[in-house]
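Visitor: A structural model of the following input is requested.
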Amino acid sequence: MTAPAGNEPRPTTDYLARDAKSLLAAMRELIPRTLPEWTDNANEADFGNVLLELFAHMGDILSYYQDRVADESYLGTARTRRSVIDHLRLIGYRLGTAAPAAARLSLSVPSGVTGTVTVQKGDAFATRSSRERPSVRFEYTGETALIHTFDGEPGQDGRQTTDIPVEEGRLFSDELLGVADGRPDQRYPVIHPRVIRRPPGLQQVGGPDVVLVTRLAGVTEPWELQDTLAFSGGDAHHFVLEIDENDQATVVFGDDVFGAAPPTGAEIRATYRTGGGQLGNVPARAIETIVNAPALALLGAKVTNPDAATGGADRESIEHAVEHAPAVFRSLGRAVTAADYEALARSFKGVGKVKAMPGGWNRVRLLVAPAGGGKVSDVLEVGLIGFLEDKRMLGDVVEVEDVAYVAIRASAQIGVASYYVDSEVKAAVRRAAAGLLAFDVVDFGQPVYLSAFYERIADVPGVEFVNITEFCRADRPAPAIEPSGRILLEPQELPVVPAEADYADGLRIVPLDPAGG
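Guide: Numbering: from 1, shown residues only. Next up is the predicted model:
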């Protein structure tokens, strides 16, 4: 604080003094005015200086919390997941939890096996575990048992085969959450975190995410999962599921006005699944272990996934929610325009990218790329169509199609500085090139520029020069270098890294000469 010019002795307040250093300096300026007898204030060991530093420290902490309160009060500036959850709840938007990946297993048994085999809900399969990566569990999730009949006739490989649809995750059945105390607004945390919670309305397709019952005096009462209790009567056996910033789910009952409260002494039991995330997007032939399917293990059955698992997605990020929640709110939960369809489809967990295109006067084509890329699984297709069922216009027909992926071939000659390790620089160049075609950074119809490859590769430490010798679509390999310096894509196409071994790392390094490395 400093005294103003003129005869007025009042000190002025420096409102920018908010950190410990500024606050300490401001308080020191007041010493001659308020405590003129304190002349030995330069001694750091003086008890008065100790108090000043403590006050400055507390002032710094209070200023921090004031700033945080102001930031967390608005959706655009909030940084904590808890605040974003509360803000979006006001507009009826719920942050998406992690979505499980789906795959189709090929089940084979020896040629001589005959009879019927039943696969029950919860029968489990898994990938092989390693030191770097633990096994990933997949389960059959159908509400009805899957029955296979084998007649003993061998297939092409001498074994009988059939298919089993599975999803990543783990089933917990009839788990005790607690005993009701009869009070209104009872809350019971679910024991295991990361409960799989699908978008609102989708439970009509595959059954509820959480099956909850109460048991009292030998009587079992079912309860129905709702998105809100605002429309539930006082005697309705409804509950909601709240998921916090730590992915911990809590079952919330009503107050006998909006939803009924469980009676005193009733056991509360839940059946649910946990899991989800990109870890479930395992490659083809990764699922080889029968974990918990007794009927299959006794037959000497073998399983594998011919295609990669797709659709696994991590929980919705704060950035994604802040960007897309307003668009979903503007659609008012109804899909009329192409933008409405795209906004609603993006809110469905497991969908990575989507583009809505007309397919006729009453047909809507949704070009969908699952989170992380790949083909749309049967589970994702059925789930997305079911999610849009009560949002589409009457008479509209929604069709879900795979995205047209366009592989981009790129080859280059590079010079490596003498004081760098050749193999490390080449690996860094490949990673840099692959980053230009990463799933998260490309978009539908987005051109791919030759200059971007030159720029990205030249920025890699250790690269002295670069000469790109191939830059083209894999489905149209001639000419080797696109003359215009850019590869144009159709509105339904997405650029990707080729699956070919030479290009799988994003770039093929061409030797400088036939004998070179």
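Visitor: Output the lowest mean pLDDT helix or strand found in the chain.
Guide: helix 203-206 (a mean of 49; mean pLDDT, DSSP states H and E).
Visitor: next SSE after that helix?
Guide: Using DSSP states H and E, the helix or strand that follows helix 203-206 in sequence is strand 211-216.
Visitor: so how far is that next one from its chain's centroid?
Guide: Chain-centre distance of strand 211-216: 31 Å, with C-alpha atoms, centre = their mean, to the nearest Å.
Visitor: For this structure, give me the ranges with low pLDDT.
Guide: Across the chain, the ranges flagged by pLDDT under 70 are 1-15, 152-160, 199-207, 513-517.
Visitor: Domain ranges for it, per the record?
Guide: By the assignment in automatic domain parsing, the chain contains the domains 20-72, 102-169+278-304, 170-274, 318-402, 405-509.
Visitor: With distance to Arg94 and mean neighbour count added, can I get these in CSV?
Guide: All C-beta atoms are positioned from the backbone trio N, CA, C, and that covers glycine. Listed next are those as CSV, based on distance: least, C-beta to C-beta, whole Å; neighbours: other C-beta atoms under 10 Å:
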stretch, distance to Arg94, mean neighbour count
domain 20-72, 19, 13
domain 102-169+278-304, 19, 17
domain 170-274, 7, 17
domain 318-402, 9, 18
domain 405-509, 23, 16
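Visitor: Go through these and name the closest to Arg81.
Guide: domain 170-274 (3.7 Å; C-beta to C-beta).
Visitor: can I assume Glu455 sits in a helix?
Guide: Yes: using DSSP: H, G, I helix; E, B strand; the rest coil, the assignment for Glu455 is a helix.
Visitor: Please enumerate the helices of the chain.
Guide: Secondary structure of the chain (DSSP state H): helices at 20-29, 31-34, 47-72, 81-89, 203-206, 294-297, 318-330, 338-346, 378-388, 422-436, 450-458.
Visitor: Which one, of these, ends up nearest to Glu245?
Guide: Nearest to Glu245, of the helices of the chain and by C-beta to C-beta, is helix 81-89 at 3.7 Å.
Visitor: and the angle for the closest one with helix 318-330?
Guide: Relative orientation of helix 81-89 and helix 318-330, computed by axes from the mean of the first three to the mean of the last three C-alpha atoms, to 10 degrees: 10 degrees.
Visitor: got the buried residues for helix 81-89?
Guide: 81, 83-85, 87-88 (16 or more other C-beta atoms under 10 Å).
Visitor: if we can go back for a sec, got CSV for the domains of the chain, with distance to Gly311 too?
Guide: What follows is the domains of the chain, written out as CSV (distance: least, C-beta to C-beta, whole Å):
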stretch, distance to Gly311
domain 20-72, 33
domain 102-169+278-304, 5
domain 170-274, 12
domain 318-402, 4
domain 405-509, 13
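Visitor: out of these, nearest to Tyr93?
Guide: For the domains of the chain, proximity to Tyr93 was assessed by C-beta to C-beta; domain 318-402 is nearest, at 4.5 Å.
Visitor: Could you check how far that closest one is from the centre of its chain?
Guide: Distance, centroid of domain 318-402 to centroid of chain: 16 Å (C-alpha atoms, centre = their mean).
Visitor: can you give me the end-to-end distance of that domain?
Guide: By C-alpha to C-alpha, to the nearest Å, the extent of domain 318-402 from end to end equals 27 Å.
Visitor: Ok, stretch 184-198 next?
Guide: 27 Å.
Visitor: nearest residue to Asp340 other than its sequence neighbours?
Guide: Leaving aside its sequence neighbours, Asp340 sits nearest to Ser331 (C-beta to C-beta, 6 or more residues apart in numbering; 4.2 Å).
Visitor: need the contact list for that neighbour.
Guide: The neighbours of Ser331, taking C-beta atoms under 8 Å, 6 or more residues apart in numbering as the test, are 339-340, 343-344, 391.
Visitor: please redo it, this time with the cut-off set to 7 Å
Guide: Each residue near Ser331 by C-beta atoms under 7 Å, 6 or more residues apart in numbering is listed here: 340, 343-344.
Visitor: Let me know the closest of those to Leu171.
Guide: Leu344 (28.6 Å).
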